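S.K.: kindly return the folded structure for what I paste below:
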Amino acid sequence: MDAIRKKMKSLKDETDQLYAIINRFEEQTKESNRVADQADCDIRDYGKKVHGFEIEFDETNDKLNKALESLEEKEKHLKEVEADIAALTRRIMLMEEEAKKSEQTLANTVTKLAVTSKEADDVLKKVKIVESKCMNNEVTLEELDNNLRQTTKMASDNEQKL
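M.R.: A predicted model of the protein is given here:
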């Protein structure tokens, strides 16, 4: 009987130990399930955050693409404006050269005009001198013509008297 009691006690102790092990496993299972549930919640939250980040990424990517397109257009416009500026700069340089040539030509023409004007003044002075001489000669001719007439008249009068 003692042996049965010992055997019963041993079975009871073993059963109590197994119940303790079962309880410990059940507690571990509950804790593991709670951790798993928390992990599922965290995964769901992270999934939502990731989804939000993806949406923000897409929006930011769209903005970036629009900004790049705008930048490309502005760079294209800048190149066109720079080409226009270069063309206008060349045109200004050509116009400046043309202006220098025109200024030189104008200076030469003004110099020639001044020389020609002086020569014309000299010619006009000579013309006035010649006109003056001509007028003096005409006066002298008239006087001589008058003297000739008088002399002819006197000669005719003297012939008639004779």
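
S.K.: what is whatever helix or strand L71 lives in packed up against?
M.R.: Following DSSP states H and E, one finds L71 within helix 2-161. If you count contacts as 3 or more C-beta pairs under 8 Å, 6 or more residues apart in numbering; DSSP states H and E, helix 2-161 packs onto no helix or strand. For the C-beta atoms, the positions are set from N, CA and C on the backbone; glycine is no exception.

S.K.: state the mean pLDDT of that helix.
M.R.: Averaging pLDDT along helix 2-161 yields 94.

S.K.: i'd like the first residue to be 247 from this point on
M.R.: Sounds good: first residue 247 from here, last item helix 248-407.

S.K.: now it: how far from the chain's centre is it?
M.R.: Distance of helix 248-407 from its chain centroid, counting by C-alpha atoms, centre = their mean, to the nearest Å, is 0 Å.

S.K.: report the separation between N307 and I375.
M.R.: As judged by C-beta to C-beta, to the nearest Å, N307 and I375 stand 99 Å apart.

S.K.: oops, could you answer that again for V356 instead?
M.R.: Separation of V356 from I375 (C-beta to C-beta): 29 Å.

S.K.: then T335?
M.R.: Distance from T335 to I375, by C-beta to C-beta: 59 Å.

S.K.: and M339, by the same measure?
M.R.: 54 Å.

S.K.: just give me the residue closest to the centre of the protein.
M.R.: V327 (4.4 Å; C-alpha atoms, centre = their mean).

S.K.: what's the burial count for E328?
M.R.: Residues lying near E328 (other C-beta atoms under 10 Å) number 10.

S.K.: now A332
M.R.: Neighbours of A332 (other C-beta under 10 Å): 10.

S.K.: cool, and T386?
M.R.: Counted with other C-beta under 10 Å, T386 comes out at 10.

S.K.: what's the answer for I250, then?
M.R.: Other residues close to I250 by other C-beta under 10 Å number 8.

S.K.: N382 now?
M.R.: N382, neighbours per other C-beta under 10 Å, totals 10.

S.K.: what do you get for Q284?
M.R.: Burial measure for Q284: 10 neighbouring residues, criterion other C-beta under 10 Å.
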